[in-house]
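> okay, here's the prediction I keep looking at, along with the sequence it came from:
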Amino acid sequence: MKRLLIALLLLSSFAAAAPRPNIIVILADDMGFSDLGCYGGEIQTPNLDKLAAEGMRFSQFYNCALCGPSRAALMTGLHPHQVGMTQWTGLLTSNCVTMFEVLKRADYTTCAVGRLDMLTAEDWHDPQNLSHHVDRYFGTTGHQGPGNYFANTRNTAFYRDGKPYTIPEGGYKTDLITDFTVEFLRQRDQSRPFLLYIAHYAPHWPLHAKEADIAKYRKLYRDLGWDAAREQRLKRLVKSGILPAGTKLSPREARAAAWSEAEHLDWEAERMAVFAAQIDCLDQSVGRVMEAVRGTNTLVFFLSDNGASDKAVGQLDKPGQTWRADGKRTRVGNKPDIMPGPGDTFVTAGPAWANVSNAPFRLHKQSNHEGGISSPLIAWWPGVVPAGKISPEVSHITDITATVFDVAGQTYPTTFDNRVVTPLAGKSLLPVLKGGTRAGHESLCWATSGCKAVRMGDWKLVALPGKPWELYDLKTDRTELHDLASQQSERVAAMAKVFEAWQKK
């Protein structure tokens, strides 16, 4: 009896000392590797910089190059093609389970805000079915795009806990989802841990931002330009230790002129100023959320779903119907006579500024070169994650899911609600978060919009649609400048077989 009592006391002491943490996953949309201040950028992100200083930054973390695939991987811990997500958006197949479904049944309070990609074909038609996954939610379902930041659009329905929601006059999406998040944190059951997913729309186009935020950046980008911005970002990345000394800057985007020779500089600078303002506002959101959770046992992840986008957008309004639900027409196009920022415009940052966001890497969203799949990752968990550490661990967005299950004490299920669940692809990062090491992935593969890639150790095989394989040694050539495919044909063949086996699996 005495031994039993001692055992019970020890068990009780352990449980008290190591309660299940709250978990917050913050996802930016179309934000490049070097946009944050703590990743070399010139954009003012003091709250995320503080999160990084108090936590851990990853220098070799990967997403899935495109919004829908990355979000599917994050929700399920599986590769996107395993759950039917191969395009920019879509619905999950029935062979998976979301982290929200499992943790909700494990007595976590669950909440999701923003761009919500967690629906299956069985429940997409009724937004109220999101309650299968989360206790509270506010935002748009994942089979619809980001829409207008200032107003509802006809193709993007907004919901608050299952009821249609109209963006109020003067409202701005980043602020609105933050207001809801803070409300949830204040009203939640303090006796239960929570899982909170903040899926920001920012800085995805359209370039919409508040004037006060835009004004901070107009002169900066007019004076700086895209060439100097890229050079300065690389220098700061090397100085901080995120990238090794000797890293070379990739060539300027082929569709961009030198800044000194570019036209319409005020308009070009305004595009990046608005993009920066969107990230600035996102950072303010992070500050408000962190203010509400400091002093609690909370693990926070911050990442981006893919690299910055180079794309433009065509006409939105149709004869007899406007894109905006309130009937106001939208001026669309990357034209110097359309200044971005207000809610009646639809302008994108374009290839030259995407090249800055993804600096120093090559290419952009949808490609499987480093500019498309490299993401910042910040992990913050006081008392667990060592402050100020930069981890070179080669890791993947599916690892976030595996880590969530690990820290919550949940086993990834083999079945769920009569669904047979495909085994987890991700590997927990908990040992790394604690300052240690883990057995990583033998290989990581990507297949996005005709692009393809496989990474094994420091070697990466990558190809553009319809083009031959390129081979890079990322230990010495992270910016993919020196193609070694013709010199190492045996390695190319071996790695290509790994990719083909992964694709079939």
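Here it is on my side, so go on. What you are looking at is a predicted structure, and each value in this text was computed from that prediction instead of being measured.
> mind listing the helices for the chain?
Taking DSSP state H, the helices of the chain run over residues 2-17, 46-54, 67-76, 99-105, 173-187, 211-214, 218-240, 265-293, 350-357, 370-373, 397-407, 430-433, 489-504.
> dump the fifth one to PDB, restricted to CA.
Read that as helix 173-187. Below are the C-alpha coordinates for helix 173-187, written out as PDB (Å, rounded to 0.1, in the frame of the first residue of the first chain):
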ATOM      1  CA  LYS A 173      -9.800  40.800 -42.500                       C
ATOM      2  CA  THR A 174      -6.500  40.500 -40.600                       C
ATOM      3  CA  ASP A 175      -7.900  42.600 -37.800                       C
ATOM      4  CA  LEU A 176     -11.200  40.800 -37.700                       C
ATOM      5  CA  ILE A 177      -9.800  37.300 -37.400                       C
ATOM      6  CA  THR A 178      -7.500  38.700 -34.700                       C
ATOM      7  CA  ASP A 179     -10.400  40.200 -32.800                       C
ATOM      8  CA  PHE A 180     -12.200  36.800 -32.900                       C
ATOM      9  CA  THR A 181      -9.000  35.000 -31.800                       C
ATOM     10  CA  VAL A 182      -8.500  37.200 -28.800                       C
ATOM     11  CA  GLU A 183     -12.200  36.800 -27.900                       C
ATOM     12  CA  PHE A 184     -11.800  33.000 -28.000                       C
ATOM     13  CA  LEU A 185      -8.700  33.200 -25.800                       C
ATOM     14  CA  ARG A 186     -10.400  35.300 -23.200                       C
ATOM     15  CA  GLN A 187     -13.600  33.300 -23.200                       C
END
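> which residues does it contact?
Defining contact as Cβ atoms under 8 Å, 6 or more residues apart in numbering, one finds that helix 173-187 is touched by 111, 113-114, 136, 138-139, 149-150, 160, 167, 194, 196, 198, 200-202, 278, 281-282, 284-285, 288-289, 292-293. All C-beta spots, glycine's among them, are computed from the backbone N, C-alpha and C.
> one more time with 6 Å
111, 113-114, 136, 138, 149, 198, 201-202, 281-282, 285, 288-289, 292 (Cβ atoms under 6 Å, 6 or more residues apart in numbering).
> who's in contact with residue 487?
With Cβ under 6 Å, 6+ apart, residue 487 has no contacts at all.
> would you turn the helices of the chain into a markdown table with mean pLDDT?
Compiled in a markdown table, the helices of the chain are given as follows (pLDDT from 0 to 100):
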| stretch | mean pLDDT |
| --- | --- |
| helix 2-17 | 40 |
| helix 46-54 | 98 |
| helix 67-76 | 95 |
| helix 99-105 | 95 |
| helix 173-187 | 98 |
| helix 211-214 | 98 |
| helix 218-240 | 98 |
| helix 265-293 | 98 |
| helix 350-357 | 98 |
| helix 370-373 | 98 |
| helix 397-407 | 98 |
| helix 430-433 | 98 |
| helix 489-504 | 97 |
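> turn the ones you listed into CSV, including distance to residue 246.
Shown next, in CSV, are these (distance: least, Cβ to Cβ, whole Å):
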stretch, distance to residue 246
helix 2-17, 45
helix 46-54, 23
helix 67-76, 30
helix 99-105, 39
helix 173-187, 38
helix 211-214, 36
helix 218-240, 8
helix 265-293, 28
helix 350-357, 21
helix 370-373, 16
helix 397-407, 28
helix 430-433, 25
helix 489-504, 23
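> for these, which one sits closest to residue 60?
Of all those, helix 370-373 sits nearest to residue 60, with 9.6 Å by Cβ to Cβ.
> show me what the closest one is packed up against.
Packing partners of helix 370-373 (3 or more Cβ pairs under 6 Å, 6 or more residues apart in numbering; DSSP states H and E): none among the helices and strands.
> go with 10 Å
If you count contacts as 3 or more Cβ pairs under 10 Å, 6 or more residues apart in numbering; DSSP states H and E, helix 370-373 packs onto strand 56-62, helix 350-357, strand 444-448, strand 451-456, strand 459-463.
> before we move on, back to that, just the buried ones from the contacts of helix 173-187?
Neighbour counting with 16 or more other Cβ atoms under 10 Å marks 111, 113-114, 136, 138, 149, 198, 201-202, 281-282, 285, 289, 292 as buried within the contacts of helix 173-187.
> residue 333: which of these is nearest?
Among the buried ones among the contacts of helix 173-187, residue 149 lies closest to residue 333 (Cβ to Cβ), at 17.8 Å.
> OK, contacts around residue 49?
Contacts for residue 49 (Cβ atoms under 10 Å, 6 or more residues apart in numbering) come out as 36, 37, 38, 39, 41, 283, 378.
> out of these, what pair is the most spread apart?
Checking these with Cβ to Cβ, the most distant pair is 41 and 378, at 13.4 Å.
> first-to-last residue distance for stretch 164-181?
Taking Cα to Cα, to the nearest Å as the measure, stretch 164-181 stretches 18 Å from start to finish.
> distance of residue 219 from residue 413?
According to Cβ to Cβ, to the nearest Å, residue 219 stands 54 Å off from residue 413.
> got the domain ranges for the chain?
Following automatic domain parsing, one finds the domains of the chain at 17-440, 442-505.
> pick the most buried one from those.
Ranked by mean neighbour count, the domains of the chain are led by domain 17-440 with a mean of 20 (mean count of other Cβ atoms under 10 Å).
> closest to the centroid, which residue in the chain?
residue 304 (2.0 Å; Cα atoms, centre = their mean).
> do I have it right that it meets residue 199?
No. At 11.1 Å, residue 304 does not count as touching residue 199 under the criterion of Cβ atoms under 10 Å.
> shaky segments in the stretch 1-150 of the chain?
1-18, 118-129, 142-145 (pLDDT under 70).
> go with 90
Scanning the stretch 1-150 of the chain for pLDDT under 90 picks out 1-19, 85-92, 116-133, 140-146.
> same check on the stretch 401-505 of the chain?
Applying pLDDT under 90 to the stretch 401-505 of the chain flags residues 417-418, 504-505.
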